[in-house]
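Chemist: Compute the structure for the input listed below.
(3 chains, ligands or ions: 2)
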Amino acid sequence: MTNSVQRIRALSLQIMLIAGLLAIWQWAAVTFPGPTLPPLLAVWRSYWRLVQGDLLHTAVLPSLYRLLIGFLIAAVGGALIGLAIGCSRSLDAWSRPVLEYLRYIPAIAILPPALLILGPTDTMRIFVIAFGCIFPVLLAAIDGAKRVEPTFLDTARVNGLGAIARIRRVVLFAAMPSLFAGLRIALGLGLIMMVISELIAADNGIGFFILRSQRLFQSAGVYAGVLVIGTIGWLLTAGLLLVERRVLHWHRGWRGLPVD
Amino acid sequence: MVAVTPPGSVRGSGAPAPLIASFEAAAGLGRHHPGGAVLRVLNHKVAGKYAGALGGFGVCIICWEIVRGLQLIDPRDLPSVVAIVRTAIRELIGGPLALAVLTSLLAWAPGLLLAAVIGTVMGIALAMLPNLDVASRPILEFLRPIPSVALIPIALLTLGVGIEMQLTMIAFASVWPIVFSVKAGVEGIDPRFQETGRIFGVTKGTGIIRIVIPSMLPSLATGVRTASAIALVLTITVEMLIGRPGIGRYLDEARLNGLVTEMWAAIFVTGIVGYIVNGVMLAAERHLLPWSAENRDQ
Amino acid sequence: MIAETDGAILTVDNISRSYPGAPVPILDGLTFRQKRGEFVAIVGPSGCGKTTLLRCCAALMQPDAGSVLHAGQILSDPPPWLSIVFQDYNRSLFPWLSVKQNVGFGLAHVGKHERDERVAAALRAVRLDHAAELYPWQLSGGMQQRCALARSIVVRPKLLLLDEPFASVDAQTRFDLQDLVMEICRDMSLSTLLVTHDMEEAVFMADKVVVLSTKPARVVDEVAINIPYPRDQLATKETPEFLRLRHQVYTLVRQQIRH
Ligand SMILES: Nc1ncnc2c1ncn2[C@@H]1O[C@H](COP(=O)(O)OP(=O)(O)O)[C@@H](O)[C@H]1O
Ligand SMILES: [Mg+2]
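Modeler: Ligands and ions are numbered 1, 2, ... in the order given. Have a look, this model is predicted:
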C-alpha cells in the first residue's frame, strides 16, 4: 500500500521536474530566439527524422554498425587475451608493466596515427573504437582470471582438465562477473570513440551529422543528434544489462541477492 | 527454495588476490626471524617486477621493429623506436612538446578541480535529499551515457572556442564519476557514525563537515582518479577539434605536416604523463587519506 | 623405492614442505602408509598443515623433500582414480552449475546417456536426487557437502581424500554425513583418507588414526582402531573400547598443543 503511494509520489516528482525543465527551455527558446536554444518542437522533428526517417540510414545505422563491430572485436579479443594472461603467471609478469603503461595513453591519441595509416575509412573508425574498448575488457579479464577461487582450479585438476579445458570450463565462468563489469565500462568508452572518430573524420554517422548541423547553425539538429546518442547509449546499456542478468543469474544467487 | 546458505561473501566483496594474500602470509611469517627474510622476499619480488617489465617492453619493441622490417605498415608511418625516443627527448627538453604537455595539464587540472567541487556538492545532495535523488533519477540516467564529446558542438554553439568552453567540457565530462562515487560513499557511511555524532550533539549542518565529508573522502578520491582519465581525453579532444593549444593540437599538426616521428613521440609521452598523473594521485591519496581502502589493500 | 606389491595405495615417505618466503617448514619429515581399502584419519589442530599434507597426497602439490607414492608411483598430477572433497564447499562447488552439472563435472569424456545415469546414481547415493536441478547456493550446508561428495564418487575413484568435510555444518548434520560417508566408502570399497581436527570423528570413522604435531607437522603416533563396522553413533560411542581409544588420541593431541 505505502509502496504504491511512494511510487506514485516518485513518479509525479520526476514528471514535474522534467516538465519544469522543458517548460523553462521552451520559454527561453521563444523569448530569446537564436541558434543556441532551438524550440522543442524543432528538436523533436529532427530527432524523429533520425530515428524514423531518411536520416536513419545515413546517420544512425552506420554509427551503430561501427560501434557494434568494434565493441565485439574488443570484447572477444580482450576476453581471450586477458584470460590467457591472467591464467599464466609468467605471461602476467611480462605483460602487466606494458599494459599498465598503455592504459594511460588516452584512447583519443591513437586517432592521428590511425588516420595516417588506415586513412579516413570504416576500418580506421572500427579500429579506434576497438582500441578504446579493449583495455577495460582486458584488465577486467586478467583480474577476474587471477581471482579465481584456487579450490575451483584444484577441482579442475583433480578431474583431469587440461589448460584449455580449465579456461573454458572454469576460469571463463568464474571471471564472468568481472568481465561484465569491464564490458560495461568499455561500452561507454566505445560510444565516446565512436563520436570522436566521426567528429574528426567521417562523411556519415551521427557524429558527422551533429558537426554538420553545428556548422550550418541548425542547432535543433545538434540537440537531436545528442539525444539520439543518448538513446543509443541507453538502449545498448540496457541490452548489455539484460544479457548480464541472464548470464550471471547464478552470481546474484550466489551472493544472496534475489534471482528472477 | 530450500534454505539459503551464507552467501559467498568472501568472494562477493572482492577477496584479496591470492598473490597478495600469500605474500602477506609469507612476510608475516618472516617477521619472526631476524630481518633478512622479509627483505629477501621484497627484493625477489622487486627484481622479478623489473625483469618482467624489461622483458615485456623488450618484446613490444622487437614486435614493432619486425612490423617495420617486414613493411606490414608503410615504414614512413612507423619510425624506428630509437628515432621516436630521440625525438621525444629533443621535443621535451625545452621543445614544443613540453609546452604542449604543460598547456594541456593547465587546462586539465582546473577542469578536474571544478568537477570535483561540483561533483562533491551534487553527490552529497543526492545522497542526503531522497526527494531530489528520486526526482532527478530519470534525467541523470539519461544524461550519464551521453558521451560528453558529443556535447562539444553544443558547447561551440553556446560558449564559443575559448578556454571557458574547454573547461566546461572537461568539467562536464569528469563530473559524473565523481557524483556517483561521492553519492555511493555518503550512502555507505556507517549509520553508527551519524548516531555517534548525534550523541555528541553534532547538528545536521556541522555533521556534514565533521562526519560526512571525512567519511566520503576516499570515495571522492576514487571518483577523481577515474575522472582524471576522462578529463584528459576531453582536454585532448577539444584541442584536436577546435585547435586550442596543447597535446591535441600538437598531435594533429604533426600528422597534417607529416612529422610522423613527432606524432608517435607525443603519443608515448602522453602515456607517460597519464601514468605519472595517476601515480601522483595515488601517492597523494595514500599520504592524505591513509584510511582509504585503496591503501588498506597494499 | 617401495614396491607396488606391499599393497599400499598411498605411501607418504618422509616428506617436508614449506611455502615460498616462509622459512619455517609446514611439514617436516612426515611418514605414513595407507593400505588398499583402509580408512585412515589424520588428526591435528587447526593450522598445523593438514590441508597442505592432503594437497601433497592428492599430487596437487609436490613435497620439497621425500616422496608421495600413489600405488607405488611418483605422480606429478592427480591420477584419475583419485578424488577429493575440499574443506570449504562454498568455494569448491561451481556456483554457475546446477547440482546435476556439478556432479557430472568430471565426466566430460563419458557419453551423455551414461553420464546422466551415473550422476543420477551418485545423487541417489547421497540422497540428493530431489535437488538435482537446483544450484548449490540454494542448498543448505549439509546438502552442499553431499553434492561435493557425489561429485567425488561419481568418477569411481579408488582413493578418496576428505579435507575436514564436516567442519562447517551443525552437529546433527555432521553425524548424518559421517554415517553416509562410512556407508558409501564401504559399499564402494574405497580407500579413504580423512583429515580432521575432530578426534572423536577420527576414532569413530577410521581403521587407523594418524596424530600430527604442530609447527612443523610430524607424525606423533598411529593408533589402530579395531572396532567392527558398521559402527553406530550411539552404541559404538558408548563402548569401553571406543572410550579408551578416544582417551588415547585426546591425550596425544593435547600433549602437542601444550608444547
Ligand atoms: N599459500 C600459502 N602460503 C604461505 N603459507 C601458507 C599457505 N597456505 C597455508 N599456509 C600456512 O601453512 C600453515 C598450514 O596451513 P594448512 O595446511 O591450511 O593448515 P590446516 O589445514 O591444518 O588448517 C598455516 O600456518 C598457513 O598459514
Ligand atoms: Mg585445512
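Chemist: Mind telling me which residue of the stretch 151-298 of chain B is nearest chain A?
Modeler: Taking C-beta to the nearest C-beta as the measure, the point where the stretch 151-298 of chain B comes nearest chain A is B:Gly274, at 3.2 Å. Quick note: C-beta positions are derived from backbone N, CA and C, even for glycine.
Chemist: what residue lies at the spatial centre of chain A?
Modeler: By C-alpha atoms, centre = their mean, chain A has its centre lying nearest to A:Leu187, at 1.5 Å.
Chemist: May I ask which helix or strand encompasses C:Val211?
Modeler: Assigned by DSSP states H and E, C:Val211 belongs to strand C:208-212.
Chemist: With C:Pro165 instead?
Modeler: Here C:Pro165 is assigned to no helix or strand, by DSSP H and E.
Chemist: go on, B:Val101?
Modeler: Element membership of B:Val101 [criterion: DSSP H and E] is helix B:96-128.
Chemist: in that helix, what's buried?
Modeler: For helix B:96-128, burial by neighbour count (16 or more other C-beta atoms under 10 Å in any protein chain shown) applies to B:97, B:100-101, B:103-105, B:107-108, B:111-116, B:118-120, B:122-128.
Chemist: Next secondary structure element downstream of that helix?
Modeler: In N-to-C order, the element after helix B:96-128 by DSSP H and E is helix B:130-143.
Chemist: just the angle between the longest helix seen in chain C and strand C:208-212, please?
Modeler: The single longest helix within chain C, with elements called by DSSP state H, is helix C:240-258. On the basis of axes from the mean of the first three to the mean of the last three C-alpha atoms, to 10 degrees, helix C:240-258 is oriented at 10 degrees to strand C:208-212.
Chemist: Without its sequence neighbours, what residue ends up closest to residue 197?
Modeler: All of this is about chain A. In space, and not counting its chain neighbours, A:Ser197 is closest to A:Arg125: 4.2 Å by C-beta to C-beta, 6 or more residues apart in numbering or on different chains.
Chemist: meant chain C actually
Modeler: C:Ser46 (5.4 Å).
Chemist: what helix or strand does that neighbour sit in?
Modeler: Judged by DSSP H and E, C:Ser46 forms part of no helix or strand.
Chemist: Next one, pLDDT for it please.
Modeler: Here the pLDDT value assigned to C:Ser46 is 83.
Chemist: Find the least confident helix or strand in the chain, judged by mean pLDDT.
Modeler: This is for chain A. helix A:55 (a mean of 81; mean pLDDT, DSSP states H and E).
Chemist: not quite, I wanted chain C
Modeler: Sorting the helices and strands of chain C by mean pLDDT, DSSP H and E puts helix C:240-258 at the bottom, at a mean of 85.
Chemist: tell me which strands and helices that helix is in contact with?
Modeler: Helix C:240-258 sits against helix C:199-205, strand C:208-212, strand C:219-224, with contacts defined as 3 or more C-beta pairs under 8 Å, 6 or more residues apart in numbering or on different chains; DSSP states H and E.
Chemist: So B:Pro290 lies in a strand, does it not?
Modeler: No. B:Pro290 is assigned coil when assessed by DSSP: H, G, I helix; E, B strand; the rest coil, not a strand.
Chemist: ok, it to ligand 1 distance?
Modeler: Using C-beta to the nearest ligand atom, to the nearest Å, B:Pro290 is found at 27 Å from ligand 1.
Chemist: Identify the spatial nearest neighbour of B:Val85, chain neighbours not counted.
Modeler: In space, B:Val85 is closest to B:Ala265, 7.8 Å off (C-beta to C-beta, 6+ apart).
Chemist: Spit out the contact partners of the one you found.
Modeler: When contacts are counted by C-beta atoms under 8 Å, 6 or more residues apart in numbering or on different chains, B:Ala265 touches B:Ile84, B:Val85, B:Thr87, B:Ala88, B:Glu91, B:Leu97.
Chemist: Is it within a helix or a strand, and which one?
Modeler: Here B:Ala265, judged by DSSP H and E, is contained in helix B:260-288.
Chemist: I'd like to know the average pLDDT value across the helix or strand harbouring the residue nearest to A:Ser197.
Modeler: Element membership for A:Arg125, per DSSP H and E: helix A:122-146. Taken as a whole, helix A:122-146 has a mean pLDDT of 93.
Chemist: For that helix, which helices and strands make contact with it?
Modeler: With contacts defined as 3+ C-beta pairs under 8 Å, 6+ apart, helix A:122-146 has these neighbours: helix A:61-87, helix A:89-102, helix A:111-118, helix A:176-200.
Chemist: Can you list the buried residues in the first one?
Modeler: Applying a neighbour-count criterion of 16+ other C-beta under 10 Å, the buried positions in helix A:61-87 are A:62-64, A:66-67, A:69-71, A:73-75, A:78-79, A:81-87.
Chemist: now swap in the last one and tell me
Modeler: Judged by neighbour count (16+ other C-beta under 10 Å), helix A:176-200 contains these buried residues: A:176-183, A:185-200.
Chemist: if we can go back for a sec, what pairs with the strand holding C:Val211, parallel or antiparallel?
Modeler: Strands that pair with strand C:208-212, judged by DSSP bridges, come out as strand C:39-43 (parallel), strand C:219-224 (antiparallel).
Chemist: Which strand or helix spans C:Leu30?
Modeler: Counting by DSSP H and E, C:Leu30 is part of strand C:27-35.
Chemist: helices or strands up against that strand?
Modeler: With contacts taken as 3+ C-beta pairs under 8 Å, 6+ apart, strand C:27-35 sits against strand C:8-17, strand C:39-43, helix C:50-57, strand C:65-70, strand C:191-196, strand C:208-212, strand C:219-224.
Chemist: which ones are touching the closest residue to A:Ala145 other than its chain neighbours?
Modeler: Among residues not flanking A:Ala145 along the chain, A:Gly86 sits closest, at 2.6 Å (C-beta to C-beta, 6+ apart). Taking C-beta under 8 Å, 6+ apart as the contact definition, A:Gly86 lies against A:Asp92, A:Ala141, A:Ile142, A:Asp143, A:Gly144, A:Ala145, A:Lys146, A:Val171, A:Ala175.
Chemist: I'd like these written out as a markdown table, with distance to C:Asp198 and neighbour count added.
Modeler: Shown next, in a markdown table, are those (distance: C-beta to C-beta, whole Å; neighbours: other C-beta atoms under 10 Å in any protein chain shown):
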| residue | distance to C:Asp198 | neighbour count |
| --- | --- | --- |
| A:Asp92 | 40 | 19 |
| A:Ala141 | 41 | 29 |
| A:Ile142 | 40 | 26 |
| A:Asp143 | 38 | 18 |
| A:Gly144 | 36 | 25 |
| A:Ala145 | 36 | 25 |
| A:Lys146 | 34 | 19 |
| A:Val171 | 34 | 23 |
| A:Ala175 | 36 | 26 |
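Chemist: What's the nearest residue in the stretch 51-200 of chain A when you look at chain B?
Modeler: For the stretch 51-200 of chain A, C-beta to the nearest C-beta, closest residue to chain B: A:Tyr104, 3.2 Å.
Chemist: Number of residues surrounding the closest residue to that residue other than its chain neighbours?
Modeler: Leaving out its chain neighbours, the residue that sits closest to A:Tyr104 by C-beta to C-beta, 6+ apart is B:Gly274, at 3.2 Å. By other C-beta atoms under 10 Å in any protein chain shown, 21 other residues sit near B:Gly274.
Chemist: Pull the contacting residues for B:Gly274.
Modeler: So B:Gly274 contacts A:Tyr104, A:Ile105, A:Pro106, B:Ala229, B:Leu232 (C-beta under 8 Å, 6+ apart).
Chemist: Once you drop chain neighbours, what's closest to the last one?
Modeler: Distance criterion C-beta to C-beta, 6+ apart; nearest residue to B:Leu232, sequence neighbours excluded, is A:Pro106 at 5.0 Å.
Chemist: show me where chain B has helices.
Modeler: Using DSSP H, helices in chain B cover B:9-12, B:18-30, B:36-69, B:81-92, B:96-128, B:130-143, B:152-159, B:163-187, B:191-199, B:204-207, B:213-242, B:247-256, B:260-288, B:293-296.
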